[in-house]
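Q: below is the sequence, then the predicted model.
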Amino acid sequence: MRVMLKATLDTEKANELIRSGKMPEAMKGALDQLKPEAAYFGPLGGRRTALLVFDMADSSDLPASGEPFFTQFNAEVEVFPIMNGEDLEKGLTQIGRSAGFS
């Protein structure tokens, strides 16, 4: 299932990683583990945030998905299912069929 992980980094921890020069390595490690199809970074709500889109093959993958962000960045992590345009079209077609629409 395609999911989005939103990691809101702790400001003090991120500042520490940036000052020490360890931020690139820490972020690369997290990205290498998840292998996202898309990754975006920027300030949301005034805090450093990563938005990652990746395939979660099984719900048992959930703990490992967020762990690098919890342990290395003291981040707040949210994971939620998402769709692309093709997924939405397919889903809406299925709704129409099950509701008796043609």
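A: Everything's here; your move. A quick note: this is a predicted structure, and the numbers were derived from the prediction, not measured.
Q: may I have the beta-bridge partners of the closest residue to I82 other than its chain neighbours?
A: Excluding its sequence neighbours, the residue lying closest to I82 (C-beta to C-beta, 6 or more residues apart in numbering) is M4, at 4.8 Å. Placement of C-beta: from N, CA and C, glycine included. Under the criterion DSSP bridges, M4 forms beta bridges with V53, F80.
Q: burial check on M4, number of neighbours?
A: With neighbours defined by other C-beta atoms under 10 Å, the count for M4 comes to 16.
Q: go on, Q33?
A: Using other C-beta under 10 Å, Q33 has 13 neighbouring residues.
Q: do A7 as well
A: Using other C-beta under 10 Å: A7 sits among 23 other residues.
Q: swap in L17?
A: Neighbours of L17 (other C-beta under 10 Å): 19.
Q: can I assume it is in contact with F73?
A: Yes: the pair L17 / F73 is scored as a contact, 7.3 Å apart, by C-beta atoms under 8 Å.
Q: find the residues that touch each one of the two.
A: A26 (C-beta atoms under 8 Å, 6 or more residues apart in numbering).
Q: next up, the contacts around the residue nearest to I82.
A: L51, L52, V53, V79, F80, I82.
Q: pLDDT at it, what is it?
A: pLDDT, M4: 98.
Q: kindly report the same for Q94.
A: Predicted confidence (pLDDT) at Q94: the value is 89.
Q: one step back: now the contacts of M4 in JSON lines, with pLDDT, neighbour count and distance to E67?
A: Conversion of the contacts of M4 to JSON lines gives the following (pLDDT from 0 to 100; neighbours: other C-beta atoms under 10 Å; distance: C-beta to C-beta, whole Å):
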{"residue": "L51", "pLDDT": "98", "neighbour count": "15", "distance to E67": "18"}
{"residue": "L52", "pLDDT": "98", "neighbour count": "22", "distance to E67": "14"}
{"residue": "V53", "pLDDT": "98", "neighbour count": "16", "distance to E67": "18"}
{"residue": "V79", "pLDDT": "97", "neighbour count": "16", "distance to E67": "12"}
{"residue": "F80", "pLDDT": "97", "neighbour count": "8", "distance to E67": "17"}
{"residue": "I82", "pLDDT": "97", "neighbour count": "11", "distance to E67": "21"}
